[in-house]
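>>> Sharing a sequence plus its predicted fold:
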There are 2 protein chains.
Amino acid sequence: MTDRSTATTGAAPARLVVEPTPTPPTARPVAPRGPGRRGLGVGEVRLTGGFWGELQTTNAAATIDHCLSWMERLGWVANFDTVATGRTSGDRPGWQFSDSEVYKLLEAMAWELARSPEPALATAYDRLVERVAAAQDPDGYLNTCYGHAGQPARWSDLERGHELYCVGHLLQAAVARVRTAGEDLLVQVARRAADQVCREFGADGRPGICGHPEIEVGLAELGRALDEPRYTEQARLFVERRGRGTLRPIPLLSPAYFQDDVPVREADVWRGHAVRALYLAAGAVDVAVDTGDDELLGAVVRQWERTVERRTYLTGGMGSRHQDEGFGDDWELPADRAYCETCAGIASAMVSWRLYLATGDVRYADLMERTFFNVLATSPRADGRAFFYANPLHQRVAGQDVAADAENPRAEGGVRAPWFDVSCCPTNVARTLSSWQTSVASVDGDELSLLQHAACDVDVTLDAGGRFAVRVATRYPDDGVVHVEVVEAPGREVALRLRVPSWAHGATLVGPDGVERLVSPGWAEARAAFLPGDVVVLHLPVGPRLTWPDPRIDAVRGCVAVERGPLVLCLESVDLPAGVTVDDVRVDPGAPPGAQDDGAVVKGSVVARSGDRAALPYPSAPPVPARRVEVDFVLVPYHRWAERGPSTMRVFLPTL
Amino acid sequence: MTDRSTATTGAAPARLVVEPTPTPPTARPVAPRGPGRRGLGVGEVRLTGGFWGELQTTNAAATIDHCLSWMERLGWVANFDTVATGRTSGDRPGWQFSDSEVYKLLEAMAWELARSPEPALATAYDRLVERVAAAQDPDGYLNTCYGHAGQPARWSDLERGHELYCVGHLLQAAVARVRTAGEDLLVQVARRAADQVCREFGADGRPGICGHPEIEVGLAELGRALDEPRYTEQARLFVERRGRGTLRPIPLLSPAYFQDDVPVREADVWRGHAVRALYLAAGAVDVAVDTGDDELLGAVVRQWERTVERRTYLTGGMGSRHQDEGFGDDWELPADRAYCETCAGIASAMVSWRLYLATGDVRYADLMERTFFNVLATSPRADGRAFFYANPLHQRVAGQDVAADAENPRAEGGVRAPWFDVSCCPTNVARTLSSWQTSVASVDGDELSLLQHAACDVDVTLDAGGRFAVRVATRYPDDGVVHVEVVEAPGREVALRLRVPSWAHGATLVGPDGVERLVSPGWAEARAAFLPGDVVVLHLPVGPRLTWPDPRIDAVRGCVAVERGPLVLCLESVDLPAGVTVDDVRVDPGAPPGAQDDGAVVKGSVVARSGDRAALPYPSAPPVPARRVEVDFVLVPYHRWAERGPSTMRVFLPTL
């Protein structure tokens, strides 16, 4: 243990004062080595309002500040000062992983500064980095919970300590910074921390892994950003070591909880703690891609396929169990106890994005859209200052409003909370929204592929040279028209591809020649020697539609859901007549739903039951409602639920 | 803290050597003060084989020894020696509540010794009591985890320490002993422990409560057994203090977890940790009855009613959530994630028994029967050496056999395990089976009421005087004939009542006059000046029948279950054709099930699905099976499932 107040040996972290370099246009969160398909850089795309533009603006204007204020208030930032001044003790505020929240916020700040360099934000970022840097031990170790006077020793609890997990998030923050602003103090701190991890856990070092994956994806990307193959190799080691029972069991949890049950390349499905499983998979894809390990890549593809087929909610949410914040068995997808942690949705998008870049398969972008609209966008309240942690598909009991200054248990209640005891989601939302636009499109050869339909300006240099700039105008998802105008194009035939979501049967594309043709789910492609002013228009059928669950999902047997474009809709109690609950509702699956505002209206009935009987709820004859009253029900987008006060809610509606 | 190796002051626990007194015939676990309805004493009833007689025999022959061996092996018994010899440290085997398992085993031994006084068991009991007694501190405090050198201080963690909980189980063991054998060393130890609790937590003492209720029911019954009103008063204090937020919050758990959210007399339903809620309710009934507090009694009745109506499984099991081993919201009753802890079933029977004694309402005996056959009897393996901890109604993935010498996580896997990390269930099963016969019947005035239909000899003295002895012959539940022969009767008109279960429509009673008449669910009564040799026969329709779930239970919508008499049946994968899983099965609710062996056969079909699609399981049209093959399915009693090796299983079978 190092008591920083008395440490006089070892190099103190050098203060690297640099003028930020201009952000390179292609700076982006995920940049696999080598040529091939790539996402957009923060200088290649700008959201111009619309659904995602507004979310990103709120994130910048409110959420980042909100997170910083809470972490200051709770002492999570001051923990760094405590280490820096050598005043550590056993009494430290926050969970052992609270450092990671500061790093995720730094990542959000770094991306936001590249998008919109506000001086106040730059100052806040610099101050925060200085406080973090001051807590780094001379040998590069950085953690405010372990390894100093009065604290447990470094690496003494790999199962639960989250030390490597925290470093992983530090590295992801540094990736954001080095790509957008060059090597600054944070990057130097990250480099030293990564080096320390490589010394400690390298091939000749401690053969350990972290109870919570994240270091893998952090090391892999920092290895790319700094062109440092040692980091990639260390990420590879961590991925390969996993699944061999090296972590000591945690009472009442199985080794699958932290994916130490089966090696990554042998596993068939994601299991255990969802965020852990998904962060690990993201790191595994990075390693597989950078090392040309097709077997490892294939393993993650296989896991994605089975998990999507059997362990994924209609919203794209993952995680069926509260007990371990984890996946359930195949087809175990309860609507009411759906965990669908916001962070798991973010992590799922991280994996799908990497798989899309590696394979070009449109289904990964489909799942990202579903998850973006119905998990990521569901979490933050409209003002960006309260969040859902869990995202169930059925709320049986209306929650109680949470005071603006109160922490909340993480996953109960059906109300968004300003902060949580375990508060991983708010900063994860912040970093994801601040860089969201980089996944709007991809570039590969002479192809520009629009993946997420959002109002934006895209301006890229194609691999074979030549600028290709388009302006996307759309009110999607309220409207299915995606209008793409060419602003600049190379003087040769190139391809503009637009993703047609899997549900979009009957979509059409109007090409630059003005001809409209039917396009199937997958890609709608216009290939031409485009001229500025050329227009391509995709028409997506975003009217409400019924969706049925696979009969193997017991929890929602005899129910249907209603979707509208990429949006899952839901029934909220605030839209029901007085005295009716969401559980009294039956819908008529034979009647097509109609559009209403940005939701839908469905035909159905309210069933009245005879009075309570105070007997076991298992009658000896088929229960028949005392009365049925025909009613039209208004459904609203799931991502907006509970914005009008506490309510009960259902996504899947009984037909029986 | 007291280091016993150096403690020289204070009265050492006196060694009370007594010849056991003969067991009074009416010795029984629950004996409310005052006249009125009472259960049977261990000298008033003897099981004569049959379903429950065999379970009790196996319990005596195998389970008690099994539990003792495990606790010796794991050091849970030696923990008492460690305290006695002053060698305590921070490194103690077992959870903080492991003492309670020793006490529950002592309770089982005490009841078993009264039923069948085997010398070897008597010796084992005496040795175990000596070791427990030696660990008692001079002032009466007794706990092997707190209060000694190297241990946390006494009462320093009321939320999680379980110190009072452990004392509660000690007192229940002492109740068994003092009623069956008089005041021995264990009783003296318990008296001193109870006195110490009263001094520490009395009206003028520490205003605390225990995070896990149990002290209430223990104090109340010891107060009755020793005629010590102070103990009743202390139980009352603990009940009244609860629900006022005195316990510090446990991170990520709500105060409802330990019922500290709402005072007992104000609550409408059981919530939070199921065993906690039910032990508390049992103690509250005891307090209410002994203090004439009808409001408190009414509160528990109200909680029972709403919980039974909305939060109880078909098996009688309680507890819908793994996360906190707790109740869910109303109607949240997933079959697959049903927790239905064995101990919660036992605790539910404890509450219902007390409510039955207090009110005479037959519905409490109905629920006890359901819970006895489908939770209590389900837990132990046929050989009495392995147990279920959780009792789900749907097993999606077959478990893996647990080695005979391996501990098991407590609630996963669908296989019975010899022991658990938290191993509360085996000893709870042991103590419950060893005294089970005392709840077979009740006596009130000139009425003998047979509640649980089991082969047995009953021989009671009626309140108004006169012996009333009957021999019950029955193969119930395999057969619905309950044949009651009068062996001895007072020379006046008395009543023999037999419970007619709520499902038994069409039951008949043949009276001593030979006349058969229809009897409705509730009570079938024969009132006569019985003579020895008189026979009363109850015919219960135990053929298989379909049962529907209330439509508010989302998790089993579109399903039916099959019951047979008091038994819930299930479909096990081992009874299916090769290649068919329990989740491919659909049953025809229009076809009445037929009897087969002790189970049933139902008509239905196997649905074949088209190949896996690796897509989200939410199609845009109603899914139609590729093929249906008509099949008859064999169902077996739920309590026997997984006895033929790991399997998958369903209680609720889809009809769609």
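On my side now, so go ahead.
>>> Using the three-state scheme, assign the most centrally placed residue in chain A.
Nearest to the mean C-alpha position of chain A, by Cα atoms, centre = their mean, lies residue A:346 at 1.1 Å. Put simply, residue A:346 is helix when judged by DSSP: H, G, I helix; E, B strand; the rest coil.
>>> ok, now how distant is it from residue A:316?
11 Å (Cβ to Cβ, to the nearest Å). (Glycine included, C-beta is placed from N, CA and C.)
>>> so what sits against both of these two?
Taking Cβ atoms under 8 Å, 6 or more residues apart in numbering or on different chains as the criterion, residue A:346 and residue A:316 both touch residue A:375.
>>> How about residues contacting the least confident helix or strand in chain A by mean pLDDT?
Within chain A, no helix or strand scores below strand A:407-408, which has a mean of 77 by mean pLDDT, DSSP states H and E. Applying Cβ under 8 Å, 6+ apart, the contact partners of strand A:407-408 are A:389, A:402, A:415, A:417, A:418, A:419, A:420, A:421, A:423.
>>> where are the low-confidence patches of the stretch 251-400 of chain A?
Flagging of the stretch 251-400 of chain A using pLDDT under 70 yields an empty set of residue ranges.
>>> cool, the stretch 401-550 of chain A as well?
Using pLDDT under 70, the stretch 401-550 of chain A drops low at A:409-411, A:413.
>>> I'd like to know which residues of the stretch 551-656 of chain A are adjacent to chain B.
Proximity of the stretch 551-656 of chain A to chain B (Cβ under 8 Å from any Cβ of the partner chain) is limited to residues A:551-559, A:561, A:583, A:589, A:607, A:609, A:612-623, A:625, A:654, A:656.
>>> Identify the residue spatially nearest to the residue in the stretch 51-200 of chain A that chain B sits nearest to, adjacent ones excluded.
Taking Cβ to the nearest Cβ, chain B has its nearest neighbour within the stretch 51-200 of chain A at residue A:95, 8.6 Å off. Nearest residue to residue A:95, sequence neighbours excluded (Cβ to Cβ, 6 or more residues apart in numbering or on different chains): residue A:422, at 6.1 Å.
>>> Surely the one you found forms part of a helix?
No. Applying three-state DSSP, one finds residue A:422 to be coil, outside a helix.
>>> ok, residue A:402 - contacts?
With Cβ under 8 Å, 6+ apart, residue A:402 has these contacts: A:386, A:408, A:413, A:415, A:416, A:417, A:418.
>>> now the spatially closest residue to the second one that is not a sequence neighbour: how far from chain B?
In space, not counting the residues next to it along the chain, residue A:408 is nearest to residue A:417; the distance is 3.4 Å by Cβ to Cβ, 6+ apart. Computed as Cβ to the nearest Cβ, to the nearest Å, the residue A:417 to chain B distance reads 13 Å.
>>> swap in residue A:295?
19 Å.
>>> residues in contact with the helix or strand in which that residue is found?
Assessed by DSSP states H and E, residue A:295 sits inside helix A:294-310. With contact meaning Cβ under 8 Å, 6+ apart, helix A:294-310 is reached by A:239, A:264-270, A:281, A:284-285, A:287-289, A:318, A:327, A:330-331, A:351-352, A:355, A:358-359, A:364, A:367, A:552, B:612-617.
>>> Does the nearest residue to residue A:174 once chain neighbours are set aside belong to a helix, a strand or coil?
Excluding the flanking residues, the one nearest residue A:174 by Cβ to Cβ, 6+ apart is residue A:190, at 3.2 Å. What three-state DSSP gives for residue A:190 is helix.
>>> any chance you could map the helices in chain A?
A:50-58, A:64-73, A:78-84, A:98-115, A:119-134, A:163-181, A:185-201, A:215-225, A:229-241, A:274-291, A:294-310, A:342-359, A:362-371, A:424-434 (DSSP state H).
>>> can you put those helices in CSV and add distance to residue B:244?
Listed next are the helices of chain A as CSV, based on distance: least, Cβ to Cβ, whole Å:
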stretch, distance to residue B:244
helix A:50-58, 41
helix A:64-73, 29
helix A:78-84, 34
helix A:98-115, 32
helix A:119-134, 42
helix A:163-181, 39
helix A:185-201, 48
helix A:215-225, 46
helix A:229-241, 49
helix A:274-291, 37
helix A:294-310, 45
helix A:342-359, 34
helix A:362-371, 43
helix A:424-434, 32
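>>> Please list only the buried members of the contacts of strand A:407-408.
Neighbour-count burial (16 or more other Cβ atoms under 10 Å in any protein chain shown) is assigned, among these, to A:389, A:402, A:415, A:417, A:418, A:419, A:420, A:423.
>>> Closest one to chain B out of these, please.
residue A:420 (9.6 Å).
>>> end to end, how far does stretch A:516-528 reach?
End-to-end distance for stretch A:516-528, by Cα to Cα, to the nearest Å: 15 Å.
>>> actually stretch A:381-397, not the one I typed
19 Å.
>>> and it, how far out from the chain's middle?
Distance, stretch centre to chain centre, for stretch A:381-397: 15 Å (Cα atoms, centre = their mean, to the nearest Å).
>>> what's the burial count for the residue in the stretch 351-500 of chain A that chain B sits nearest to?
Closest approach between the stretch 351-500 of chain A and chain B, counting by Cβ to the nearest Cβ: residue A:396, at 4.3 Å. Here the count is done by other Cβ atoms under 10 Å in any protein chain shown, and residue A:396 has 22 residues near it.
>>> what's near enough to touch the nearest residue to it once chain neighbours are set aside?
Spatial nearest neighbour of residue A:396, chain neighbours left out: residue B:329 (4.3 Å); criterion: Cβ to Cβ, 6+ apart. Going by Cβ under 8 Å, 6+ apart, residue B:329 touches A:336, A:396, A:397.
>>> Likewise for residue A:440?
Applying Cβ under 8 Å, 6+ apart, the residues near residue A:440 are A:40, A:45, A:47, A:450, A:451, A:452, A:454, A:456, A:458.
>>> any chance of these in CSV, with distance to chain B too?
Output for the contacts of residue A:440, formatted as CSV (distance: Cβ to the nearest Cβ, whole Å):
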residue, distance to chain B
A:40, 26
A:45, 28
A:47, 27
A:450, 22
A:451, 17
A:452, 18
A:454, 22
A:456, 26
A:458, 28
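>>> per-residue confidence at the residue of the stretch 51-200 of chain A closest to chain B?
Looking at residue A:95, its pLDDT reads 96.
>>> wait, doesn't it sit right on residue A:424?
No. Counting by Cβ atoms under 8 Å, residue A:95 does not reach residue A:424; the two are 9.5 Å apart.
>>> neighbour-wise, which of the two wins?
For residue A:95 versus residue A:424, neighbours defined as other Cβ under 10 Å are more numerous around residue A:424 (22 against 18).
>>> correct me, but the more buried one touches residue A:347?
No. Contact criterion Cβ under 8 Å: residue A:424 and residue A:347 do not qualify, at 10.4 Å.
>>> So which of the contacts of residue A:440 is the closest to residue A:206?
residue A:40 (39.0 Å; Cβ to Cβ).
>>> contacting residues for the closest residue to the closest one other than its chain neighbours?
Among residues not flanking residue A:40 along the chain, residue A:438 sits closest, at 5.0 Å (Cβ to Cβ, 6+ apart). Residues counted as contacts of residue A:438 (Cβ under 8 Å, 6+ apart) are A:28, A:29, A:39, A:40, A:41, A:42, A:45.
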